[in-house]
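**Q** model this:
(chains A, B, C and D)
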Protein chains: 2
Amino acid sequence: MSADQQGLPSVWTRPQRSRRDQPALSRDQIVSAALELLDAEGIDALSMRKLGTRLNAGATSMYSHVANKDELIELVVDEVYGEIDLTGIDSSTDWRTAVTRLAHGLRNGFLRHPWIASALGQVGMAALGPNLLRLSEALLGVFEEAGYSLQAAEQGMNTVSAYVIGVASTEAATLALLARSGQSQQEWVERFWPVAEQAVQGYPRLRRLYAAQREGFDVDSTRGDSFDEGLACILDGLEARRRLGDG
Amino acid sequence: MSADQQGLPSVWTRPQRSRRDQPALSRDQIVSAALELLDAEGIDALSMRKLGTRLNAGATSMYSHVANKDELIELVVDEVYGEIDLTGIDSSTDWRTAVTRLAHGLRNGFLRHPWIASALGQVGMAALGPNLLRLSEALLGVFEEAGYSLQAAEQGMNTVSAYVIGVASTEAATLALLARSGQSQQEWVERFWPVAEQAVQGYPRLRRLYAAQREGFDVDSTRGDSFDEGLACILDGLEARRRLGDG
DNA sequence: GCGGCGACCGTACAGTGTGCGGAGTAGCGA
DNA sequence: TCGCTACTCCGCACACTGTACGGTCGCCGC
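**A** Alright, predicted model coming up:
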């Protein structure tokens, strides 16, 4: 008596479908599926099992294409750097507008993918992803063509990118927190503000600051202005230094 | 026949020790134990169970003092902010040296506790910890007493802290990566550099940069100089803006 | 044809955060 | 002095994690 007559899976009843009727897994597919999952549900929801089912694959099937979960995250982070538009950044554009445009690109990338704030800490900036390299090269180029020495260009790049990463990862972390809480921005602000006002008692300057911010309340625009203001301030400092180097 | 005669735990054989022979758990104890654990073994090693055993407590005993693991991390992060020395920051000190000193304090705190790079993303800056508030108030104060308006002071605080957080969390992430790998800094550099050199082919400016850095190699001092240079650049920009506001 | 290689997957293991209910104790009002 | 309540602490359980391991199977070079 054969096994399939007992309803058990056997060589005969088994589907026998080829490995080829599903398109084979590829690194790019894995990375972009992970990116979708991260955007949709945040970093806590990224598990190898969930990623597997999303790809019609087993839980451990990704490990032939990717060494670790950490390595996967590195790849996805670099993918975000890859989204930044570098076209139209050449020697004809004024260096300040070029740097500003790159800075905005980086910041917008972070805001589009707020989970990146959590990912950055796990990965380190030492990741030599091709897209990050491309971005660095472009930024260096902008400074050099504006007349900065290579060392000064590096200094400028480091300063600007540190600033942008500081601002953007902070904003992204807040955004991610908000998304995790499941509340709308409106609800969150309404719940957050009284707490903040309470906490700020006993710190006179912070209290004045909060009081001043209650009126004249336009989150997005003022945030953007503040970012540009800080960036402009850095660029001013850099420009003064270049003139110093020239003289 | 009673249970203890069968070797089972019972009322009679049970140790019966009072809850008081171990000093009771407290929030501060938990936080400082977590800090020790994080410093010793990094963020991946921080689990509630390990923390419990370190405190001679059960796995879930901390939950009466702390809501979440996330909340615990918020508390520990604020503890790090609390380590920053604010003494000697008053109206008599020049604002630039005051800001610089605070910036160094923050950066050193991050470098002392490299796991913080991972923790920051999970927490968001919206954490209204008392120590962060104290630090913000102090920084605001420095700017205000230097003659900045409240809005300008906020702008200055945001710009400087974004820069410092960007630099320091990047450095800290690298440090944490290094610690996790278990290698010495020397080993790591030796293993990392050829890879970087390889990766940098095809990016002429980056290649020149790496070539230039191979000679004149003094990691710590140049890093510190670069940090101060960027900071000074920001302060220059801010100062120019203040003059503008005055005129 | 066939041997090896590499992609894919099922299973398993050690570990995670934390909800729940029970136990024991301190403090407090009567 | 006696309850009663509130609170701290803990053992257990549950769902879920990353990933090591070994097996199976299609494909490619010999």
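**Q** could you pull out the helices for chain A?
**A** Counting by DSSP state H, the segments of chain A that form helices are A:27-41, A:48-54, A:69-82, A:95-112, A:116-123, A:130-145, A:150-181, A:185-200, A:204-214, A:219-246.
**Q** In a markdown table, list those along with distance to DNA strand D and mean pLDDT.
**A** Bear in mind the C-beta positions are built from the backbone N, C-alpha and C, glycine included. Listed next are those as a markdown table, based on distance: least, C-beta to the nearest atom of the strand, whole Å; pLDDT from 0 to 100:
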| stretch | distance to DNA strand D | mean pLDDT |
| --- | --- | --- |
| helix A:27-41 | 10 | 97 |
| helix A:48-54 | 4 | 97 |
| helix A:69-82 | 3 | 97 |
| helix A:95-112 | 22 | 97 |
| helix A:116-123 | 11 | 92 |
| helix A:130-145 | 22 | 96 |
| helix A:150-181 | 15 | 95 |
| helix A:185-200 | 21 | 88 |
| helix A:204-214 | 30 | 91 |
| helix A:219-246 | 33 | 82 |
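**Q** deepest of these, which one?
**A** The highest mean neighbour count among the helices of chain A, using mean count of other C-beta atoms under 10 Å in any protein chain shown, belongs to helix A:116-123: a mean of 25.
**Q** by contact count, what packs against that one?
**A** On a contact count with 3 or more C-beta pairs under 8 Å, 6 or more residues apart in numbering or on different chains; DSSP states H and E, helix A:116-123 meets helix A:69-82, helix A:95-112, helix A:150-181, helix B:116-123, helix B:150-181.
**Q** ok, which residues in chain A are in contact with DNA strand C?
**A** Chain A comes close to DNA strand C at residues A:19, A:22, A:24-25, A:52, A:56-61, A:63-65, as judged by C-beta under 7 Å from any atom of the strand.
**Q** So what touches stretch A:101-114?
**A** A:35, A:38-39, A:42, A:80-81, A:83-86, A:88-89, A:93, A:116-117, A:135, A:138-139, A:142, A:160-161, A:163-165, A:167-169, A:171-173, A:175-176, A:179, A:227, A:231 (C-beta atoms under 8 Å, 6 or more residues apart in numbering or on different chains).
**Q** same deal with stretch A:188-196?
**A** Contacts of stretch A:188-196 (C-beta under 8 Å, 6+ apart): A:178, A:181, A:183, A:210, A:214, A:219, B:126, B:128.
**Q** Distance check, the second one against residue B:238.
**A** What it means is residue A:181. 35 Å (C-beta to C-beta, to the nearest Å).
**Q** Ok, the first one next?
**A** Between residue A:178 and residue B:238 the computed distance is 30 Å (C-beta to C-beta).
**Q** now swap in the third one and tell me
**A** Summarising the geometry, the distance separating residue A:183 from residue B:238, computed by C-beta to C-beta, is 36 Å.
**Q** Quick check, residue A:58 in contact with residue A:52.
**A** Yes - look at residue A:58 against residue A:52 with C-beta atoms under 8 Å: they come within range, at 5.5 Å.
**Q** From the chain's centroid, how far away is stretch A:194-211?
**A** 31 Å (C-alpha atoms, centre = their mean, to the nearest Å).
**Q** ends of that stretch, how far apart?
**A** Length of stretch A:194-211, first residue to last, C-alpha to C-alpha, to the nearest Å: 12 Å.
**Q** Now the buried members of the residues of chain A next to DNA strand C.
**A** For the residues of chain A next to DNA strand C, a burial check counting by 16 or more other C-beta atoms under 10 Å in any protein chain shown picks out A:25, A:52, A:57, A:65.
**Q** Distance of the third one relative to residue A:73?
**A** Using C-beta to C-beta, residue A:57 is found at 18 Å from residue A:73.
**Q** In terms of pLDDT, where does the residue lying closest to residue A:95 once chain neighbours are set aside sit?
**A** Closest residue to residue A:95 apart from its sequence neighbours, by C-beta to C-beta, 6 or more residues apart in numbering or on different chains: residue A:146 at 3.5 Å. pLDDT recorded at residue A:146 is 95.
**Q** Settle this for me: residue A:146 is touching residue A:97, isn't it.
**A** No - counting by C-beta under 8 Å, residue A:97 is not a contact partner of residue A:146; they are 11.0 Å apart.
**Q** ok, for residue A:155, nearest residue in space, not its chain neighbours?
**A** Excluding the flanking residues, the one nearest residue A:155 by C-beta to C-beta, 6+ apart is residue B:229, at 5.8 Å.
**Q** Check residue A:227 too.
**A** residue A:167 (5.7 Å).
**Q** check contacts around that neighbour.
**A** Neighbouring residues of residue A:167 by C-beta under 8 Å, 6+ apart: A:107, A:227, A:230, B:158, B:162, B:166.
**Q** rerun that using 7 Å as the cut-off
**A** Taking C-beta atoms under 7 Å, 6 or more residues apart in numbering or on different chains, we find residue A:167 in contact with A:107, A:227, B:162.
**Q** Kindly report the same for residue A:32.
**A** With contact set as C-beta under 7 Å, 6+ apart, residue A:32 has no partners.
**Q** Next one: it from residue B:142, what distance?
**A** Counting by C-beta to C-beta, the gap from residue A:32 to residue B:142 is 47 Å.
**Q** try residue A:154
**A** Taken as C-beta to C-beta, the span from residue A:154 to residue B:142 is 29 Å.
**Q** residues contacting the closest residue to residue A:143 other than its chain neighbours?
**A** For residue A:143, ignoring the flanking residues on the chain, the nearest one in space by C-beta to C-beta, 6+ apart is residue A:153 at 3.6 Å. Counting by C-beta under 7 Å, 6+ apart, residue A:153 touches A:140, A:143, A:144.
**Q** before we move on, what about residue A:137?
**A** The neighbours of residue A:137, taking C-beta under 7 Å, 6+ apart as the test, are B:203, B:205, B:206.
**Q** In contact with residue A:164, which residues are there?
**A** When contacts are counted by C-beta under 7 Å, 6+ apart, residue A:164 is found next to A:103, A:106, A:107.
**Q** Adding distance to residue A:191 as columns, could you present the residues you listed in TSV?
**A** Shown next, in TSV, are the contacts of residue A:164 (distance: C-beta to C-beta, whole Å):
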residue	distance to residue A:191
A:103	32
A:106	30
A:107	26
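**Q** I figured residue A:209 hits residue B:150, correct?
**A** Yes - in this structure, residue A:209 is within contact of residue B:150 by C-beta atoms under 7 Å, at 6.3 Å.
**Q** rewinding a little: export the helices and strands packed on helix A:116-123 as CSV, with columns for distance to residue A:48.
**A** Listed next are the helices and strands packed on helix A:116-123 as CSV, based on distance: least, C-beta to C-beta, whole Å:
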stretch, distance to residue A:48
helix A:69-82, 6
helix A:95-112, 24
helix A:150-181, 21
helix B:116-123, 19
helix B:150-181, 20
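**Q** Next up, the contacts around residue A:175.
**A** Residue A:175 touches A:111, A:114, counting by C-beta under 7 Å, 6+ apart.
**Q** go on, residue A:118?
**A** The neighbourhood of residue A:118, defined by C-beta under 7 Å, 6+ apart, consists of A:43, A:176, B:121, B:122.
**Q** on that earlier part again, tell me, how many residues neighbour the residue nearest to residue A:95?
**A** Residue A:146: 19 surrounding residues under other C-beta atoms under 10 Å in any protein chain shown.
**Q** Got the phi and psi for it?
**A** Here the main-chain torsion angles of residue A:146 (degrees, to the nearest 10) amount to phi -80, psi 0.
**Q** Could you do residue A:115 as well?
**A** Backbone torsions of residue A:115, given as degrees, to the nearest 10, read phi -60, psi -20.
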